[in-house]
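Undergrad: from the sequence below, what's the structure:
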Amino acid sequence: MPRANRHYVPGYIWHITHRCHKKEFLLKFAHDRNRFVFWLGEARKRYRLQILNYVVTSNHVHLLVRDQGATNCIPSAMQLLAGRTGQEYNQRKERKGAFWEDRYHATAIESGEHLLRCLVYIDLNMVRAGAVSHPEEWRHGGYLEIQGQRRRNRLLDLDALASSAGIGSLPALVDIHNEWVQEALRTNDLGRNEAWSKSLAVGSESFVLGTQDLLGAGGKSRNIVGQGDLFVLCEPEESYGADFSLKN
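TA: Okay, the predicted model is just below:
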């Protein structure tokens, strides 16, 4: 299996995915998902990690984050998250061996509408998996916090999320976010889209071209695939098919 990419451009928004070793359901118990969320909060405090959304599933996690320009912020945060979650699980279960797959994957996401698309895609993860019928039913994620239904243990930087999405206020963010989620549920627009989790960058053509240039040699060898207003900087082994767009 190829090692997942860890290319970074400081100040960018990143959609990070990380799977449990051999896709095992090592996060199937709420206790272990709670511990991951705890360490996510610690990473936010220790490394000034801006968290825009997240979901912890039974065998993998999604994080939507920004590093605020600090080069080592995301690697340090992910080292803390992966290390402490895995150590605690192995100690509790008297288990040895890897908890996570080799590496996490980071995809650069353009701000504005593309950020909103990725935001909703993350929210709908457990609906796609058939575990719940609505994201509000899965408490190990950012949906409830965005919708103002979580008063304790807040993790998200909602002001940064609204600003990055091009939305002027938090009430407007709540309304637009809810509208997009409800529309996806109504139209059953729940298909898995690997462009959000297996590419190097997703956004407009100018954003993807700019990201390709900033990544240097790591980006020049990658192909750009586009359809409509959505463009993807692909990993070499991915084609993404003819239709990878998430409709609104």
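
Undergrad: going forward, measure contacts between C-alpha atoms and count neighbours the same way
TA: OK.

Undergrad: quick check: closest non-adjacent residue to residue 165.
TA: With C-alpha to C-alpha, 6 or more residues apart in numbering as the criterion, residue 165 has its nearest non-adjacent residue at 4.1 Å, and that residue is residue 112.

Undergrad: contacts only, for the one you found.
TA: 164-166 (C-alpha atoms under 8 Å, 6 or more residues apart in numbering).

Undergrad: same question, residue 234
TA: 195, 198-201, 222-225.

Undergrad: now residue 99: phi and psi?
TA: phi -100, psi -40 (degrees, to the nearest 10).

Undergrad: tell me the pLDDT at it?
TA: Per-residue pLDDT puts residue 99 at 97.

Undergrad: for it, which residues are in contact?
TA: Residues near residue 99 by C-alpha under 8 Å, 6+ apart: 20-21, 26, 86, 90.

Undergrad: for residue 91, see how far away it is.
TA: Distance from residue 99 to residue 91, counting by C-alpha to C-alpha, to the nearest Å: 12 Å.

Undergrad: longest helix in the chain, please.
TA: In the chain, with assignment by DSSP state H, the single longest helix is helix 73-93.

Undergrad: just say helix, strand or coil for residue 226.
TA: Secondary structure for residue 226, judged by DSSP: H, G, I helix; E, B strand; the rest coil, is strand.

Undergrad: what's near enough to touch it?
TA: Counting by C-alpha under 8 Å, 6+ apart, residue 226 touches 205, 232.

Undergrad: and it, what are its bridge partners?
TA: On the basis of DSSP bridges, residue 226 is bridged to residue 231.

Undergrad: give me the helices and strands touching the worst-scoring helix or strand of the chain on mean pLDDT, please.
TA: The least trusted helix or strand in the chain, going by mean pLDDT, DSSP states H and E, turns out to be helix 217-220, with a mean of 78. Helices and strands touching helix 217-220, by 3 or more C-alpha pairs under 8 Å, 6 or more residues apart in numbering; DSSP states H and E, are helix 205-214.

Undergrad: elements contacting the helix it packs on?
TA: Checking 3+ C-alpha pairs under 8 Å, 6+ apart, helix 205-214 ends up next to strand 201-203, helix 217-220, strand 230-233.

Undergrad: sorry, back to before: pick the one among the contacts of residue 99 closest to residue 107.
TA: Nearest to residue 107 among the contacts of residue 99, counting by C-alpha to C-alpha, is residue 20 at 18.4 Å.

Undergrad: surely that closest one meets residue 102?
TA: No: under the criterion of C-alpha atoms under 8 Å, residue 20 is not in contact with residue 102, lying 9.2 Å apart.

Undergrad: and the helices in the protein?
TA: When secondary structure is read from DSSP H, the chain shows helices at 30-47, 73-93, 113-123, 125-128, 143-146, 158-164, 170-186, 195-198, 205-214, 217-220.

Undergrad: tell me which of the ones you listed is the most buried.
TA: Here the criterion is mean neighbour count by mean count of other C-alpha atoms under 10 Å, and of the helices of the chain the winner is helix 195-198, at a mean of 25.

Undergrad: restrict that one to CA atoms and write it as PDB.
TA: Taking Å, rounded to 0.1, in the frame of the first residue of the first chain, the C-alpha atoms of helix 195-198 are listed here in PDB:
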ATOM      1  CA  ALA A 195     -11.800  13.400  -4.300                       C
ATOM      2  CA  TRP A 196     -12.300  14.800  -0.800                       C
ATOM      3  CA  SER A 197     -10.100  12.300   0.900                       C
ATOM      4  CA  LYS A 198      -7.500  10.800  -1.600                       C
END
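
Undergrad: buried among the contacts of residue 234? Make that a PyMOL selection.
TA: Command for PyMOL that selects the buried part of the contacts of residue 234, burial taken from 16 or more other C-alpha atoms under 10 Å:
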select buried, resi 195+198+199+200+201+222+224+225
